[in-house]
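Colleague: below: sequence and its predicted model.
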Amino acid sequence: MFSINSFYEIIIKQLVLKVNDQTVCLAFKDFLNTKPSDIVVISEDDKYAPLWYLRYSEKYRPIIFFNDQEPFYTEIFDNMFQLEYTDTYNVADSLNYHFPGYFGLTFNSFLHDVDYFRHHFLVYATSEKSDEVNHNMKSRNFYNWYYFSHGFIALDWFRNLKYLPANYGFSKVFICFNNLVSGNRNYRLNLVATILEQKLDKFGYISINKDNLKDKVKNEIFNSNNLLSSRSKKIIFKHLYHNDNNFEIDKQTVTGELSANDNLEVLSLGLIHVVTETIFYENKLHLTEKIFKPIVARRPFILVGAPGNLSYLKSYGFKTFDKWIDESYDNEPDPDKRITLIVNQLEKFCKMSDSNLKQFQEEIMDVVEHNFNHFFGNFRSIIVDELVDNYRRILIKYNAGKDSSHDYYINFSNVDFDSIKTILKS
């Protein structure tokens, strides 16, 4: 499997430029960065033009913007249309790509120029399914190119675990990793506080980024504009504001790099993984590498995410544990009720005897082995097919009503998409 560090380079060279070699591709400069001011051109082109050049050029150029690493947020999307042009600068070293030239720039308001761009092939690559994405793509005349970006990320980050012996031992009932606990991720404070309220913390390993935790808790519970209910704020204040627990699992400092943690010993500390995903409040189908940690560790999991995301995971061929865990929480729209349902299920296992926990682990063995083998097996083919097929579909949609003589027609009749899939799966 190719490295995620070369993902854009490979997708652009093996797919995008084979369809149209004049396509300009854009992305955020750094991994997991969503600052509109850090958008860069990553496309191979004879001019290596800054983005403002496109506005005044008579030459037609399809444009693809890759925003596939983080969830889609309307405010970020809107901000990209408000920025002014700044001087270009070379960022080849920081990008670690191998195209002969890259230029950093901010988005110019040129995309407001509907008269110029109404015929252009404007594509926005995303990693979520939501009405928010669909509405924004339609309003800005973009075609949405969806694929499971974090599936590719996880296949790269956790590739070594395929070759390690299985570790079925565990020392506590559950393990729950948390890093960011502010903003849209403040539900994690509610989750941990509810676990403490039920006195379940002694049965599990829980991590929270302790850096200025007291200030973070205070900011969240006194913020009238966030999505925490008054009930959850009371529980958070009661159990976390004055709490001196370390909330550490394996490191003194919890950092973003832990997303890529492939330490099987650490991942095996708890029997059940309580996976706190990036998306919880919003009505989005969006999963990250987090859900694959229990899968590569051969562990059962409870998914703390937005409604419908367990079904979303199953659509990719993975199995869940509905025979043993009441997964009705996945259909609960109310955030507080969803947390309560999840902690209630966790409590059921915390009350089990050691022998019953061992029996549970034996009973789920077929499911965890299926998930492990599927992740390192057919999963890659599924998401490669999806990536290529979805790009081909938007090309067909774009060309609808145009014939090959049309000025803006994209001719891809000679592109062998099956061969491209074979290359990307190798």
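Modeller: Cool, got the structure.
Colleague: what ranges do the helices span in the stretch 251-400 of the chain?
Modeller: For the stretch 251-400 of the chain, the helices defined by DSSP state H, counting those that start in this stretch cover 264-267, 292-296, 309-314, 335-350, 354-363, 365-375, 378-399.
Colleague: of all those helices, which one is nearest Ile64?
Modeller: With Cβ to Cβ, the closest approach to Ile64 among the helices of the stretch 251-400 of the chain belongs to helix 378-399: 9.2 Å. (C-beta placed from N, C-alpha, C; glycine too.)
Colleague: how about the helices of the stretch 251-400 of the chain in TSV, adding mean pLDDT, mean neighbour count and distance to Leu228?
Modeller: Formatted as TSV, these follow (pLDDT from 0 to 100; neighbours: other Cβ atoms under 10 Å; distance: least, Cβ to Cβ, whole Å):
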stretch	mean pLDDT	mean neighbour count	distance to Leu228
helix 264-267	94	17	29
helix 292-296	98	25	26
helix 309-314	98	19	20
helix 335-350	98	19	8
helix 354-363	97	13	33
helix 365-375	98	17	33
helix 378-399	97	17	34
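Colleague: Phe77: which of those is closest?
Modeller: Closest among the helices of the stretch 251-400 of the chain, using Cβ to Cβ: helix 378-399, at 17.8 Å.
Colleague: and the angle from that closest one to helix 365-375?
Modeller: Computed by axes from the mean of the first three to the mean of the last three Cα atoms, to 10 degrees, the angle separating helix 378-399 from helix 365-375 equals 50 degrees.
Colleague: which stretch among the helices of the stretch 251-400 of the chain comes nearest Lys218?
Modeller: Of all these, helix 335-350 comes closest under Cβ to Cβ, at 20.5 Å.
Colleague: which residues sit against the closest one?
Modeller: With Cβ atoms under 8 Å, 6 or more residues apart in numbering as the test, helix 335-350 has contacts from 173-174, 187, 190-191, 194-195, 198, 200, 203-204, 227, 229, 231-232, 271-272, 274, 280-281, 302, 304, 307, 325-326, 328-329, 332, 357, 360.
Colleague: for stretch 323-334, same thing?
Modeller: 300, 302-303, 307-311, 320-321, 338, 341-342, 345, 360, 363-364.
Colleague: before we move on, back to that, please pick the buried ones from the contacts of helix 335-350.
Modeller: In these, burial by neighbour count holds for 173-174, 187, 190-191, 194-195, 200, 203-204, 227, 232, 271-272, 274, 280, 302, 304, 307, 325, 329, 357, 360, counting by 16 or more other Cβ atoms under 10 Å.
Colleague: these in strands, which ones?
Modeller: Of these, the ones assigned to strands by DSSP state E are Val173, Phe174, Gly204, Leu271, Ile272, Val274, Ile302, Val304.
Colleague: now do Val173, the pLDDT please.
Modeller: On pLDDT, Val173 comes in at 98.
Colleague: mind listing what it touches?
Modeller: So Val173 contacts Phe203, Gly204, Gly270, Leu271, Ile272, Leu346, Phe349, Cys350, Met352, Leu357 (Cβ under 8 Å, 6+ apart).
Colleague: out of the residues you listed, who's nearest Lys29?
Modeller: Using Cβ to Cβ, the contacts of Val173 come closest to Lys29 at Gly270, 36.5 Å.
Colleague: tell me the spacing between the closest one and Leu357.
Modeller: 11 Å (Cβ to Cβ, to the nearest Å).
Colleague: domains in the chain, as residue ranges please.
Modeller: 4-146+379-425, 154-375 (automatic domain parsing).
Colleague: mind checking the SS state of Asn414?
Modeller: Using DSSP: H, G, I helix; E, B strand; the rest coil, the structure places Asn414 in coil.
Colleague: roughly how far apart are it and Ser232?
Modeller: 57 Å.
Colleague: picking up where we left off before, can I get the contacts of Val173 in CSV with distance to Glu220?
Modeller: Shown next, in CSV, are the contacts of Val173 (distance: Cβ to Cβ, whole Å):
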residue, distance to Glu220
Phe203, 26
Gly204, 22
Gly270, 26
Leu271, 30
Ile272, 26
Leu346, 22
Phe349, 28
Cys350, 26
Met352, 33
Leu357, 34
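Colleague: now do the strands in the stretch 1-150 of the chain.
Modeller: Secondary structure of the stretch 1-150 of the chain (DSSP state E, counting those that start in this stretch): strands located at 24-28, 39-41, 63-66, 103-104, 122-126, 143-146.
Colleague: dump those strands into a markdown table; add mean neighbour count as well.
Modeller: As requested, the strands of the stretch 1-150 of the chain are exported to a markdown table (neighbours: other Cβ atoms under 10 Å):
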| stretch | mean neighbour count |
| --- | --- |
| strand 24-28 | 22 |
| strand 39-41 | 24 |
| strand 63-66 | 22 |
| strand 103-104 | 19 |
| strand 122-126 | 22 |
| strand 143-146 | 20 |
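Colleague: for Gly305, grab phi and psi.
Modeller: When read as degrees, to the nearest 10, the backbone of Gly305 gives phi -150, psi -170.
Colleague: per-residue pLDDT, the closest residue to it other than its chain neighbours?
Modeller: Ranked by Cβ to Cβ, 6 or more residues apart in numbering and with sequence neighbours excluded, the top spatial neighbour of Gly305 is Glu277, at 3.7 Å. With respect to pLDDT, Glu277 has a value of 97.
Colleague: does Glu277 really touch Gly308, like I thought?
Modeller: No. The pair Glu277 / Gly308 is not scored as a contact, 11.9 Å apart, by Cβ atoms under 8 Å.
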